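>>> return atomic coordinates for the entry below.
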Amino acid sequence: MTDDEKARILIDEMRVHGAIVVLGAGASFEAGLPLYSQFPSMVWQTVDEFPVIKEKLKYSINMPAKNIIGEDVGKIKKSFEDIENEKGASLRFKELFKAVNDRHNNKISYVHESLCKLIHMGYVKLVISFNWDDLLECAWERLYGTNINSNKINLIKPHGDVRNINEKWIFPNSPGKLSAVELNLISDITRDEVGAFIILGYSEQDRVISDLLIQPNESRYKMYRIAPIPTAYISSKASDALHNMFKFIPNENTIWTKLKFHNQVGLEHAIMGYRLLPSDVVACARLPQIEEAKSKLEYAHSVVIQSEPGCGKSITAYQIAYDYLKSGWEIVKLTNAKASECFDIRLDNDGYKTIYIIDDAQQLENDLLTRIMTYANSYNKVIVTRTSTSDISEFDFEKVTISKKQSVQAIYEHYLKHEKEVLKIIKPLNKKIGRDIGNHYMDTPFKYVLDVALNENNPWLFNYSIRGGWANIKNQFIEAKENNRSDIVLVLIAVKQILMLDNPVDIEWLYSVVREWGYSTEWCNKTIQYLKNNKMILSVNEIRTLHLQAAGRIIANFLSEENEELNKFYNLLKKEMINEKTPFRGIAWFFDLLFGYDVKYKFYKSVFSEEFNQLMLDRCFSQNNLELKSDAARVIDRVLTRHGNLSYKDICKKYGATLKTWIEETENESSYPYSNILNSMINEDKKFKEQFVISLDIENVIHGMKKIRSENLYCWAQFLNRLSMGQSKQWHNKLFDILPKEQIHSALINAKISEIYEVVEMLSSLLIINEEYAYEEYYNCVPIIKKGLNHNFCDTLSQLDFMFLIYFLGGGVIDKVRLNNIQIEAGKTLMSCITPKMIADSITFGTPRDWENIYRFNYLLFSYDTEKVREGIDKVKIDEIDEKQQVEIWNHQSDELLKIIKIIGTYRKNDIDDWIFSHKDDIEELQSILISYSPKSAEYLLNKGKKIIIIDEHHRGWNDSVQALNVLNNYNNNLCKSVICQNKEQIERSLIKLDPIDWKDYYKFIKKLLAVDKKFMQDLFNSIDVMSISNNWKNKVYGKNYSHNRNKRATSNFVKLLKCIIKFTENKVLKDALENIMIDVSAM
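Predicted structure coming up:
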């Protein structure tokens, strides 16, 4: 009889009666686990680590175990006995075995996966494994996602388990063992079901096991042995035998697919907008509907999860299923394409507790769904997901509807909690479109990006927004163009969507335009379906692009290519903008979105004509409604004067009276757009603006300000600032007399802490009008500022803007200035609101952006209360800064890091030195400021071949370079010289390209270099390109672009620099060139 015939007989026996499998080491050998003959090396290592065993064996503890034991069977057995009796040695041997096991248990083992399938199908009723390994358990988890014994006992391991190394194992020296519980279990199974035993890879050399298990059952049941020996029933390897057996197993039903959750990934799939899979359940946000759905699934055994597209139905179903998986339930999913061919589909998973998922159920007939769901019970639960649309029929089962708003909110909160992971994904994506997201001062704040996305309609669009998904529009646009000019409909949708303020596009409007352009409505419908199928528009029922930014890119791509439709496009756009039904705000949106693209110039040239400008001005100035006038003002200022080459002088020739009336009727809503008009007048012609303002009835202008509220402070502040800028003192006095001071006061003191920026903007504007009044209101507003500082210190600092610092508190942002008494008192008052804890916490727990805000106040803090600052800095927990910040801050050494190091280093130089040195291996290039605080870090990094920078690419200041050289020279003169040599190229370039902006301090830098390393500098001057330095320096002396930098102090220091080099250098050509330049400078 052949092995194939024997395999068929065995499978038939198992199908009818079932079998118990006795599993030995031979079954795991193919998968890489050891037989007895592979144990010596692990025994030697254990004995070497526990010399007491050598003493028991009566050998010297210095003799290697290999020489003592070798591969002698008797000695190995004796060693096992000693290992077993020595607790530490026993545990160590188990650890060594576990290490081997763990190297192999993640690999697919055909033998163990085949056994799992036989167990699951009911062919095998129980596996008795005398192996320690967990290959069978791992195979089961890969196949079914649960523990092999979750639903019922499928596996017993009498001799020990690698997953429980602290429990007793039966070692090869000891007789085998079967507990009474295990024997009773085997007896219970064989009493009713089993007709056969299969011995797979087990040697049967253990007499105890033979007496307790093999012989008693061989006399009552069929016994099949599978081993590569002639006497076995199937004399082949376990894998070959099982392969032959599976030939005779009927194909399993593949309508239901087992879902696997083991390969969990991060948030990248969700953020990239990919279809979410079981591998995304852990990373993704859990929507609030999950608990409701689980509750209904518990008592009704089925639940329908429905929502509009892109709201998270599938991932919600998978997350619910995953929760059940962790409780021992298996998870399967319906294959919809195969299910549609079936009349009836039963819920049958070999008796195992199972969650059945039917995703995208709108693809199936309701009758079929109903039949499936009626089979649901406490062991077979059904989760259905389907897209809810107006045309889908209902059926009577428990439902949960996912709210778009709630799901977007849940994702928003989830991403805030996982900021680092989200940033890692979206930063490089946004960088491609020119947006830097992060916590540095010039970055777009992460929370701001999420706040913008929070306005999106569903989770898919939320993720589209934060990843800058519109960046891929170019490729999609090309594909659309190649698909029967679908780009035409796409660009028409984009234009109308923007002009109509992101509302869906009316299909009848599309039909009318495409017919005008020579296309049919049938072509239009096919194109819309194509755009929807390829995710270029939301849906055929909601016709619009995925995002306003996407709409802008679509238009830019359309304009970038020459095609016969461009003139039609320009004419259509002019027609739409002149159309009274097109909102002015939509027109402003359109030009704002197009502003970042080079094609705008081509567009402006083709659209703005004298005739079109006149028509648009007529439309704008014909408005009577307040809101429409405000929006029209935006179009006049942001579109017509900015892009249409119109001047306010020319506009006022015809519309001056109307414009004056508008501004004399300024209200809360119009104050900001009117402020922009006044600002543009200033930029165009200050004198014209001053005369225009003089011609206004100022009492009428300010009348609308009586309605000011806290939320209007910023807009009115801008208006007052632009209105009063450049006007006479007499005019300012008149304005001050008629200001609605009571209403302004009320708006200021009732402002929320989130409106502090608006408050200080108003205070700064009032300061231009009347200083005494502005400071009076400042003191009235101090309680609000104090409240803000207590609530969120760093956020409040960021709201105290540059102008406020300079004019109210007396500068200190760039250079020290002399403060007047009023500024000193104002500064002391603000400082009294700040506590040492605020300073400490903002540095310890703040972001780099927070550090920048603290540094902006650096001079103020140190000027008014040095002891308070010292106390705050002493409380800064540097180790906790490391816990919060990422290693990248040391790789890049941003301005914010350097600034916070300066602040802490003012009082804690040694701590800063140690902090920098602790990150020495995270640093590729060491900046000059860090050198000043940690010369030992510079020494370490230089020896490692890293770059020590005393002149960076965007140089922050020569004083920092001088300080770095001072510190290095005091620490180690040779080290300092080595660093100077490493920077030779940068030093030479700085000399040749020296700008007047550097004249003031560069002299100090060169003087320090001369003091530290005369030979280096002599060599540098001897080799420098004299022609380049001469031409460049002469150009800077006479160049028009640098006049504001050639002040007296800068010029004086430039002369010192020239004299210093002339005196030092031996290069006659250089000396002559510099003497000629000095003559020119002296004549300035």
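>>> run through the neighbouring helices and strands of the lengthiest helix in the chain.
Ranked by residue count, the top helix of the chain under DSSP state H comes out as helix 771-791. In terms of contacts (3 or more Cβ pairs under 8 Å, 6 or more residues apart in numbering; DSSP states H and E), helix 771-791 is packed against helix 741-749, helix 756-769, helix 793-799, helix 821-831. C-betas here are computed from N, CA, C, even on glycine.
>>> out of the ones you listed, deepest packed?
Neighbour counts averaged per stretch over the helices and strands packed on helix 771-791 are highest for helix 756-769, at a mean of 23; criterion: mean count of other Cβ atoms under 10 Å.
>>> tell me what that helix is packed against?
Using 3+ Cβ pairs under 8 Å, 6+ apart, the elements in contact with helix 756-769 are helix 713-724, helix 729-738, helix 741-749, helix 771-791, helix 793-799, helix 802-803.
>>> comparing those, which comes out most buried?
Stretch with highest mean neighbour count among the helices and strands packed on helix 756-769: helix 713-724 (a mean of 23; mean count of other Cβ under 10 Å).
>>> and the angle from that one to helix 756-769?
Angle of helix 713-724 versus helix 756-769, following axes from the mean of the first three to the mean of the last three Cα atoms, to 10 degrees, is 20 degrees.
>>> now do helix 713-724 against helix 741-749, angle only.
Going by the same axes, to 10 degrees, helix 713-724 makes 130 degrees with helix 741-749.
>>> got the angle for helix 713-724 vs helix 729-738?
For helix 713-724 against helix 729-738, the angle between stretch directions is 150 degrees (the same axes, to 10 degrees).
>>> quick one: contacts of helix 713-724?
666, 668, 671-672, 674-676, 678-679, 682, 693, 701, 705, 708, 731-732, 735, 747-748, 751, 755, 757-759, 761-762, 764-766, 768-769 (Cβ atoms under 8 Å, 6 or more residues apart in numbering).
>>> returning to that earlier point: looking at the helices and strands packed on helix 756-769, which is closest to residue 590?
For these, the distance to residue 590 is smallest for helix 713-724, at 23.0 Å, taking Cβ to Cβ.
>>> so how far is that closest one off the chain centroid?
On the basis of Cα atoms, centre = their mean, to the nearest Å, the separation between the geometric centre of helix 713-724 and that of its chain is 38 Å.
>>> mean confidence score for it?
Along helix 713-724, the predicted local confidence has a mean pLDDT of 95.
>>> same question, stretch 1028-1042
Confidence for stretch 1028-1042, expressed as mean pLDDT, is 79.
>>> so which bits of it are buried?
With burial defined by 16 or more other Cβ atoms under 10 Å, the residues of stretch 1028-1042 counted as buried are 1029, 1030, 1032, 1033, 1036, 1037, 1042.
>>> between these, which sits nearest residue 834?
The closest of the buried residues of stretch 1028-1042 to residue 834 turns out to be residue 1042 (Cβ to Cβ; 40.2 Å).
>>> tell me which element residue 198 falls in.
Under the criterion of DSSP states H and E, residue 198 resides in strand 196-200.
>>> quick check: next helix or strand after that strand?
Stepping forward along the backbone from strand 196-200, the first helix or strand reached (DSSP H and E) is helix 207-209.
>>> centre of the chain to that next one, how far?
For helix 207-209, the distance from its own C-alpha centre to the chain's C-alpha centre is 61 Å (Cα atoms, centre = their mean).
>>> buried ones in that helix, by neighbour count?
residue 209.
>>> pull the residues that contact it.
130, 175, 176, 177, 178.
>>> which other helices and strands does the strand ranked longest in the chain contact?
In the chain, assigned by DSSP state E, the strand with the most residues is strand 380-387. With contacts defined as 3+ Cβ pairs under 8 Å, 6+ apart, the packing partners of strand 380-387 are helix 289-300, strand 302-307, helix 313-325, strand 354-358, helix 366-374.
>>> tell me the angle the longest one makes with helix 289-300.
Inter-element angle recorded for helix 313-325 and helix 289-300: 60 degrees (by the same axes, to 10 degrees).
>>> the next helix or strand after helix 313-325 packs against which elements?
Tracing the chain past helix 313-325, the next element assigned as helix or strand by DSSP H and E is strand 330-334. With contacts defined as 3+ Cβ pairs under 8 Å, 6+ apart, strand 330-334 has these neighbours: strand 256-258, helix 313-325, strand 354-358.
>>> may I have strand 330-334 as PDB, with CA atoms only?
Listed next in PDB are the C-alpha coordinates belonging to strand 330-334 (Å, rounded to 0.1, in the frame of the first residue of the first chain):
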ATOM      1  CA  GLU A 330     -12.500  34.100  16.000                       C
ATOM      2  CA  ILE A 331     -13.100  36.700  13.300                       C
ATOM      3  CA  VAL A 332     -14.200  36.100   9.700                       C
ATOM      4  CA  LYS A 333     -15.300  38.400   6.900                       C
ATOM      5  CA  LEU A 334     -17.700  37.700   4.100                       C
END
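>>> can you name the element that comes right after it?
The first helix or strand that comes after strand 330-334 along the chain, using DSSP H and E, is helix 336-339.
>>> point out where the chain drops to low pLDDT.
In the prediction, the chain carries residues with pLDDT under 70 at positions 252-253, 340-341, 343-344, 389-395, 811-817, 887, 952-956, 1039-1047, 1083-1084.
>>> mind listing residues that contact the helix or strand harbouring residue 522?
Assessed by DSSP H and E, residue 522 sits inside helix 521-533. With contacts defined as Cβ under 8 Å, 6+ apart, helix 521-533 is touched by 480, 483-486, 488-490, 493, 510-511, 514-515, 537-540, 543.
>>> which of those residues are buried, as a PyMOL select command?
Restricted to buried positions by 16+ other Cβ under 10 Å, the PyMOL selection for the contacts of helix 521-533 reads:
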select buried, resi 480+486+488+489+490+493+510+514+537+538+543
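>>> take the contacts of helix 521-533 and keep only those in strands.
Counting by DSSP E, the contacts of helix 521-533 contribute nothing to strands.
>>> out of the contacts of helix 521-533, which sit inside helices?
Per DSSP H, the subset of these in helices is 480, 486, 488, 489, 490, 493, 510, 511, 514, 515.
>>> separation between the fifth one and residue 484?
Residue 490 sits at a distance of 12 Å from residue 484 (criterion: Cβ to Cβ, to the nearest Å).
>>> and for residue 473?
Note on residue 473: its distance to residue 484, by Cβ to Cβ, is 19 Å.
>>> and if you look at residue 349?
48 Å.
>>> rewinding a little: against which helices or strands is the strand holding residue 198 packed?
Counting contacts by 3+ Cβ pairs under 8 Å, 6+ apart, the secondary-structure elements packed against strand 196-200 are helix 3-17, strand 19-23, strand 222-226.
>>> I'd like the ones you listed as CSV, with distance to residue 111 and mean neighbour count appended.
Putting those into CSV (distance: least, Cβ to Cβ, whole Å; neighbours: other Cβ atoms under 10 Å) gives the following:
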stretch, distance to residue 111, mean neighbour count
helix 3-17, 14, 17
strand 19-23, 9, 25
strand 222-226, 10, 20
